[in-house]
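Engineer: kindly generate the corresponding structure for this input.
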Amino acid sequence: MTKGKLYIIPNYLGENSLFDFDNGTKGKINEINNFIFENEKNGRAFINRINPKKDQSVLNIKLLNKFTEFQLIYEMVKPCLEGNDVALISDAGCACVADPGKDLVMVCHNNKIKVKPLVGPSSILLALMASGLDGQNFEFIGYLPIKTSQKKRFIKDIEIKSRKTTQIFIETPYRNNKLINNLSSYLKPSTVLCVASELSLKNESVVTDTIENWKKKKIDLNKKPSIFLIQSK
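Structural biologist: Next comes the predicted model:
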């Protein structure tokens, strides 16, 4: 029997996204009835936005998030082994990139199931593209430590690394303003900081400047999904 494929289908980065998916992605969503979501409500809303005429009562839905036990992942690929395609859809952006999904993909590889990633918005890549910082050598490091003492040391360390490699990181949106203050306090005045907020949305903003100039800015990033990038001179 020919095995089905795992399609990795990106989601919008927010409700007011200006991004539009191509007909290939929309068509694939119309064909597939086996879905793996990070959150069922968000996943169903995405399908309804892409194809409001699709009958969702026939969908076979599994959930994959930070609470999912590894042994349950094998059940998620069974439709592929039976010849049916499966789609993995994140809550926002691209699954498997700063997002759940890597274990599922590895199980597919181990079972000789073809993995097909589709094109969509990735906040990390969009931020890097628009930052003006080095796109040849870069590192995504996720979240910074929460404790002030650890965070200060960590920021100092990644500033040194950023001389050769652009450092990319994120923060819980309601802590964005605090992080800007931390970066302004701990980084050297000449270090360049880019903050890319609400990418692909109506209020998208990308600002790249030195820390010296960031200290003079009054920008409210509270609860705005943002990507932070630094590069030391």
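
Engineer: against which helices or strands is the helix or strand where residue 169 lies packed?
Structural biologist: Taking DSSP states H and E as the criterion, residue 169 maps to strand 166-170. For strand 166-170, the packing partners by 3 or more CB pairs under 8 Å, 6 or more residues apart in numbering; DSSP states H and E come out as helix 123-131, strand 138-143, helix 148-161, strand 226-231. Just so you know, the C-beta spots here come from the backbone N, C-alpha and C atoms, and that holds for glycine as well.

Engineer: point out the most buried one among those.
Structural biologist: Mean neighbour counts were taken over these using mean count of other CB atoms under 10 Å, and the top value, a mean of 23, falls to strand 226-231.

Engineer: which residues sit against it?
Structural biologist: Contacts of strand 226-231 with the rest of the structure, by CB atoms under 8 Å, 6 or more residues apart in numbering, involve 123-124, 126-128, 131, 133-134, 138, 158-159, 162-163, 166-171, 173, 176, 179, 183, 187, 191-199.

Engineer: JSON lines for the helices and strands packed on strand 166-170, including mean pLDDT and distance to residue 85?
Structural biologist: Shown next, in JSON lines, are the helices and strands packed on strand 166-170 (pLDDT from 0 to 100; distance: least, CB to CB, whole Å):
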{"stretch": "helix 123-131", "mean pLDDT": "97", "distance to residue 85": "25"}
{"stretch": "strand 138-143", "mean pLDDT": "96", "distance to residue 85": "29"}
{"stretch": "helix 148-161", "mean pLDDT": "95", "distance to residue 85": "40"}
{"stretch": "strand 226-231", "mean pLDDT": "98", "distance to residue 85": "31"}
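
Engineer: let me have those in CSV, extended by distance to residue 37.
Structural biologist: Shown next, in CSV, are these (distance: least, CB to CB, whole Å):
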stretch, distance to residue 37
helix 123-131, 19
strand 138-143, 22
helix 148-161, 33
strand 226-231, 23
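
Engineer: minimum distance to residue 71: which of these has it?
Structural biologist: Counting by CB to CB, residue 71 lies closest to strand 138-143 out of those; the figure is 25.6 Å.

Engineer: tell me which element residue 79 is part of?
Structural biologist: Counting by DSSP H and E, residue 79 is part of helix 78-81.

Engineer: how close does residue 221 sit to residue 88?
Structural biologist: Per CB to CB, to the nearest Å, residue 221 is found 30 Å from residue 88.

Engineer: so for those two, which sits in the more crowded spot?
Structural biologist: Neighbour count, other CB atoms under 10 Å: between residue 221 and residue 88, residue 88 has more, with 28 against 22.

Engineer: what sits against that one?
Structural biologist: Residues in contact with residue 88 (CB under 8 Å, 6+ apart) are 6-9, 35-36, 64, 95-96, 101, 104-105.

Engineer: how about the strands in the protein?
Structural biologist: Applying DSSP state E to the chain gives strands spanning 6-9, 34-37, 60-63, 86-89, 115-117, 138-143, 166-170, 192-197, 205-210, 226-231.

Engineer: gap between the fourth one and the chain center?
Structural biologist: For strand 86-89, the distance from its own C-alpha centre to the chain's C-alpha centre is 15 Å (CA atoms, centre = their mean, to the nearest Å).
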